[in-house]
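J.: Give me a 3D structure for the following:
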Amino acid sequence: MLRREEAKQPTSGAIETWTQPEDEHPDFQRCVEDIRGVLVASRGRTEEERQQYSESLNRAVLGFEEERVRFIAIINDQLAKRRMNHIVPPNRRYATLAEAVFAEVIGMNVLELLLKDREGLEEIQVVGRDIFEVRGGQAIPSLHKFQHVKEVERIQQNLVLFNNEVINPRKRWAEVSLKDGSRVTLTGFGFTAEPTMTIRFYTMKYFNLHTLCHSDYETMDDKIRTVLLCLLRCCFNMVVIGPTNSGKTNLIKAMIAELPDHERIVTIETRHELMLKRDFPNKNIIEYEVSEDDSVHSGNQAFKLALRQSPKRICHAEIRDDDANVYVRACTRGHEGSVTSVHVNELEDAPDAIADMCMLDGRGMSPARLTKRITEYVTQIGIEMGLIDGKRKLLRIGEYVYENGEVKVRDIVRFDFASRAWTYPQPFSSRAVKRMMKYGPEDCGVMEKMGLTERC
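T.: Modelled structure (predicted):
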């Protein structure tokens, strides 16, 4: 007989999963362990075969239909060879024994129900028994819920089992990444108060600035697109800020889409998210994936190599403490038109935040002089992204200026929350106009006609 963990009914409307205790189904559990052993042993003989096999398993776990069907078929064949097809699945949700075994060995338990509706699903967040779905950049409580925390821990162990990773009392976290950019971050008891899983799907499609003006996105309008194209052609160094899921990566990728294919671009990321070479196979792009825990393949080392590979622009996904100095040097020594992101609350805070990172290495530098240099050469233009009414919006484009020992931002573009429209409070400074005249006199003329510059 099915029985349920004695607990109060959830008040949020969450659906509890009906299961039976494992010890009441020894035949099924033995079947599960046998199939798990077969799958682990089938990784392949060469490193390339093992990597391909792990990738296929990861995709099956995350609900990709082709790999899912493939592994259910493998499981079904193994059950037939072992004459186990007579075993009755312990959970009524599964139509066949193969599907029930798949859910235990590879699948995601109650998350299977979410994965069946992948349309618009950007992220799954699990905290203990609670599940949240991220759609349109916003997390909402799921209708589904784990019945036992141990079910979350079992999924964690399955994920690391097939990826040469561990999560145990000595190492209470793990990360699993797919080639398409999807990734899973896991934490266990002792590191977080409850076991957690964050599954972030790679949902980005091919974007350019014109696409982001479309009514489906409304990230910007045509006037802003014209401004951004001018900034790109005139090789301003830019910094992008905004909360998670606000569209920073989308915007950076859309700007890169507008650049000439022959321009050499170097990207430096801790995890491949931009996937530029995949989407822009004809572009002259070198993509670095760095490790914070490996000094041989650190961001600092990637920068040193990148600077010897004749980049026109450097795209640094997120500026961090260790590589701040190298990025600043790159932007001040000829690699104009570079772009990065930084975690700050306001555009005005970015130069000081980067200066603070640079000071951490203990060099004797004047903070004021360093901030001035960063303001004028590293963060020439700031862009702020945000979520408004469920859509990712460009909220500000600002030009950084350093006046009277202070960092100031001239608001070239600003989103007005009252009217839900963009305004253009200030024109570009004379310093910016000189740069436009140097790199793009025609662009300067366009900005003048739009009322965004003094006379060019």
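J.: domain ranges for the chain?
T.: Segmentation of the chain into domains, based on automatic domain parsing, reads 15-200, 209-449.
J.: Pipe those domains into CSV and attach mean pLDDT per row.
T.: CSV is the format used below for those (pLDDT from 0 to 100):
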stretch, mean pLDDT
domain 15-200, 82
domain 209-449, 91
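J.: Please tabulate the ones you listed in TSV and include mean neighbour count as additional columns.
T.: The C-beta positions use only the backbone N, C-alpha and C, and glycine is treated the same way. Compiled in TSV, the domains of the chain are given as follows (neighbours: other CB atoms under 10 Å):
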stretch	mean neighbour count
domain 15-200	17
domain 209-449	18
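J.: Residue 343 reaches residue 239, doesn't it?
T.: No. Under the criterion of CB atoms under 8 Å, residue 343 is not in contact with residue 239, lying 11.0 Å apart.
J.: ok, residue 236 to residue 397 distance?
T.: With distances defined as CB to CB, to the nearest Å, the gap from residue 236 to residue 397 amounts to 10 Å.
J.: Would you mind listing the residues touching both of those two?
T.: Overlap between the neighbourhoods of residue 236 and residue 397 consists of residue 381, taking contacts as CB atoms under 8 Å, 6 or more residues apart in numbering.
J.: Could I get the full set of strands for the stretch 101-250 of the chain?
T.: Along the stretch 101-250 of the chain, the stretches classed as strands by DSSP state E, counting those that start in this stretch are 123-127, 130-135, 138-141, 144-145, 173-177, 183-187, 196-200, 238-241.
J.: sec struct for residue 38, please.
T.: helix (DSSP: H, G, I helix; E, B strand; the rest coil).
J.: In contact with it, which residues?
T.: Each residue near residue 38 by CB under 8 Å, 6+ apart is listed here: residue 78.
J.: So that it lines up with my notes, have the first residue be 40 from now on.
T.: Renumbered: residue one is now 40, and that last one reads residue 77.
J.: Can you list the strands that the longest strand along the chain pairs with?
T.: In the chain, with assignment by DSSP state E, the single longest strand is strand 430-442. Strands that pair with strand 430-442, judged by DSSP bridges, come out as strand 420-427 (antiparallel), strand 445-455 (antiparallel).
J.: Among the ones you listed, which comes closest to residue 399?
T.: Between residue 399 and the strands paired with strand 430-442, the tightest spacing by CB to CB is seen for strand 445-455, at 19.4 Å.
J.: Can I get the closest one as CSV, trimmed to CA atoms?
T.: Coordinates of the C-alpha atoms in strand 445-455 are reproduced here as CSV (Å, rounded to 0.1, in the frame of the first residue of the first chain):
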residue,chain,number,x,y,z
GLU,A,445,34.8,62.6,-8.5
VAL,A,446,33.3,60.0,-10.8
LYS,A,447,30.3,61.3,-12.5
VAL,A,448,27.9,59.7,-15.1
ARG,A,449,26.3,61.7,-17.9
ASP,A,450,23.0,60.0,-18.7
ILE,A,451,22.8,59.7,-22.4
VAL,A,452,19.9,57.3,-22.2
ARG,A,453,17.6,56.7,-19.2
PHE,A,454,14.5,54.6,-18.9
ASP,A,455,11.7,56.6,-17.2
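J.: quick one: contacts of that strand?
T.: Applying CB under 8 Å, 6+ apart, the set of residues contacting strand 445-455 from outside is 263, 266, 386-387, 390-391, 410, 414, 421, 425, 427, 432-441, 460-468, 491.
J.: Do a quick rundown of the strands in the stretch 290-439 of the chain.
T.: Taking DSSP E, counting those that start in this stretch to define them, one finds strands in the stretch 290-439 of the chain at 304-308, 324-328, 352-355, 378-380, 420-427, 430-442.
J.: Residue 437 and residue 420 touch, don't they?
T.: Yes. The criterion here is CB under 8 Å, and residue 437 meets it with residue 420 at 7.1 Å.
J.: and the residue nearest in space to the middle of the chain, how far is that from residue 263?
T.: Residue closest to the average C-alpha location in the chain (CA atoms, centre = their mean): residue 312, at 5.6 Å. Using CB to CB, one gets 23 Å for the distance from residue 312 to residue 263.
J.: got it, and residue 250?
T.: Residue 250 sits 13 Å away from residue 263, going by CB to CB.
J.: ok, now residue 256?
T.: Counting by CB to CB, the gap between residue 256 and residue 263 amounts to 12 Å.
J.: now residue 122
T.: Between residue 122 and residue 263 the distance, using CB to CB, works out to 66 Å.
J.: same check, this time on residue 149
T.: Here the criterion is CB to CB. By it, residue 149 lies 42 Å from residue 263.
J.: just residue 348 next, same as before
T.: 32 Å.
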